[in-house]
Every structure is written in C-alpha cells, then in structure tokens.
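S.K.: Okay, predicted coordinates and the sequence, questions at the end:
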Amino acid sequence: MTYKRILLKLSGESLMGAQGHGIDTGRLNEYATQIRDIVKLGVQVGIVIGGGNIFRGLSGMSKGVDRYKGDQMGMLATVINALALSSALEDLDVKARVLTAIRMEPVGEFYSKPKAIEALERGEVVILAAGTGNPYFTTDTGSSLRGIEIEADVMLKGTRVDGIYTADPEKDPSAVKFDTITYDEVYHRGLKVMDLTATTMCKENNLPIIVFDMDTPGNLIKVVKGEKIGTLVHN
Ligand SMILES: Nc1ncnc2c1ncn2[C@@H]1O[C@H](COP(=O)(O)OP(=O)(O)O)[C@@H](O)[C@H]1O
Ligand SMILES: O=c1ccn([C@@H]2O[C@H](COP(=O)(O)OP(=O)(O)O)[C@@H](O)[C@H]2O)c(=O)[nH]1
C-alpha cells in the first residue's frame, strides 16, 4: 500500500448522481463502499465533502443572496452531505466521525487537529465538514488545509473526470489528459480543475494531489495502492 493516511475530497455535485439535485442514495452508498474497502486495508481516511449539490455561494448571488450568507449556506450544505455520508458508512459498520469547522454540537464535534488525528489513529473515518469555516473559500481549499493539518500523505480529489486535461474535457473533446503535472504548470495553463488557492497551498506545503474518477467503483482502492490512474500533481 502506497498511502497510509489520505485526505479524500468528494465533490458535492457528484453526489446528486443522475437525479440532478440533492443526494442520490445509490451514489452515496457506492462512495461509502469504496471508502469501506480502503479502511479494511488499514488506510487512515480523512474526508472533505463539497456542497454544490445543495447550494453554492456564488450561484446564490445571481438569485439575490448576499455572498457572505450564501457561502454560509454552502458550508451548511457540506454538513448535510457529511451527515449523509457518515450514516452510509455506519450502515456498512465503518466508524465515522463528523467534525465541523463551525461550532454546531450536537450535529458534529467542533474540529481540532488533535481530535482529528486521535480519531484517525483509532481507525475511524473523519469527515471534515463546513469547509474552512470561512466565506470566500471552497471545499477544495478546505481539503488542502485539512490535508496539510492532518499530515496526509496525499490529497485525493475524487471527481467525475478521470484526471486533469489541457482544457475542461466536459467542454472540449480534443482536450488531452496529463499523467503527471507540476503545480506551476496547472497555474500557468490556467487549468480550472481546482481553485488556485487550494493548488498553491498544496504546492507550498508539498502535499501531492491526485485527481481521479471516483464514480468508477474500485478506483479509490487502486489509487491508494499506487496504481497509476488519474493525474498526479507535484512540485
Ligand atoms: N483542465 C481540466 N481538467 C479536468 N477537469 C476540468 C478541467 N477544467 C475544468 N474541469 C472541470 O472540473 C470538474 C472537477 O471539479 P469538481 O470540484 O469535482 O467539480 P464541481 O466543482 O462541479 O464539484 C470536472 O467535472 C471538469 O468539468
Ligand atoms: O471553506 C469554505 C467551503 C465552502 N464554502 C461554501 O460552500 C459551497 C459548497 O462548496 P463547494 O462549491 O466547494 O462544493 P463542491 O464543488 O465540491 O460541490 C461553496 O460554493 C461556498 O459557497 C465556503 O464558503 N467556505
């Protein structure tokens, strides 16, 4: 096994599956099963989950919601997803703990690094909800931050594309995939797969990123075993 402790970022948007909104339970259970399979291997798993299936601060602005409040709504959306994922994991007999960046007991415990590390060392999956706790950030940046804090070996960005391309592959069919790419090249090419704040934090703290397709069952275990799927971002 290549990675002992990982930070897995799950896209909120992917959680809605084909239904176009909310939480698709089939997709949720598929994710939980993939996570259970790596926990069984002894991998310590921290998870940051997005909220785009429910609310995004930026899109709220176009409907008249103030950005600050919209971002708070987005962060609460990530908590809803975190609770759903913890419930799906517990159904599979995987112990999961939700730690929130905004104080809201008893929904989840207030996040601290020692709390997260202790739970990881006990073998519990730690779901880090509410992003960074601050508006004007994204859950990608929340993932970099938490990945660095929990001293993860790698940040795995599980998404619906199978890696980083020369352009958005959902818009440009001629886009070509990278097997590996440097943080600087992501920046210079203006690739939009992750926000630049997140990429820069990973670069400055030497946290490698792997972008991979989480919607194909079995991919997560392949990545943690070091199979070369997805795109590795490094210094
Ligand atoms: N250069 C690129 N390579 C790969 N994906 C890209 C690129 N540019 C934009 N994307 C988009 O980024 C998305 C992945 O980011 P993610 O955060 O999981 O999605 P979302 O923000 O919708 O939740 C992909 O679905 C893809 O459409
Ligand atoms: O640290 C954070 C993380 C998230 N958000 C808000 O929560 C929303 C949902 O997160 P994101 O868009 O990253 O989710 P995903 O793209 O993974 O579905 C964002 O649009 C922001 O409005 C925020 O304000 N601060």
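M.R.: On my side now, so go ahead. Quantities reported herein were computed from a predicted structural model and do not represent experimental measurements. Numbers count the residues shown, from 1 in each chain. Ligands and ions are numbered 1, 2, ... in the order given.

S.K.: How much space separates residue 65 from ligand 1?
M.R.: 18 Å (CB to the nearest ligand atom, to the nearest Å). For glycine as for every other residue, the C-beta is placed from the backbone atoms N, C-alpha and C.

S.K.: And for the nearest residue to that residue once chain neighbours are set aside, the neighbour number?
M.R.: In this structure, residue 65 finds its nearest non-sequential neighbour in residue 73, 7.1 Å apart by CB to CB, 6 or more residues apart in numbering. By the criterion of other CB atoms under 10 Å, residue 73 has 16 neighbours.

S.K.: helix or strand right after the biggest helix by length in the chain?
M.R.: Longest helix in the chain by number of residues (criterion: DSSP state H): helix 67-91. Remark: after helix 67-91, the chain's next helix or strand is strand 96-100, criterion DSSP states H and E.

S.K.: which of the residues in the helix or strand bottoming out on mean pLDDT in the chain are buried?
M.R.: Least confident helix or strand of the chain, by mean pLDDT, DSSP states H and E, is helix 57-61 with a mean of 86. Residues of helix 57-61 classed as buried by neighbour count (16 or more other CB atoms under 10 Å): 57, 60.

S.K.: Can you name the residue of the chain nearest to ligand 2?
M.R.: residue 50 (1.8 Å; CB to the nearest ligand atom).

S.K.: I figured that residue hits residue 9, correct?
M.R.: Yes: the criterion here is CB atoms under 8 Å, and residue 50 meets it with residue 9 at 7.5 Å.

S.K.: How about stretch 35-47 and ligand 2, touching?
M.R.: No: judged by CB under 6 Å from any ligand atom, stretch 35-47 and ligand 2 are separated, with a smallest distance of 11.7 Å.

S.K.: Done for today, thanks.
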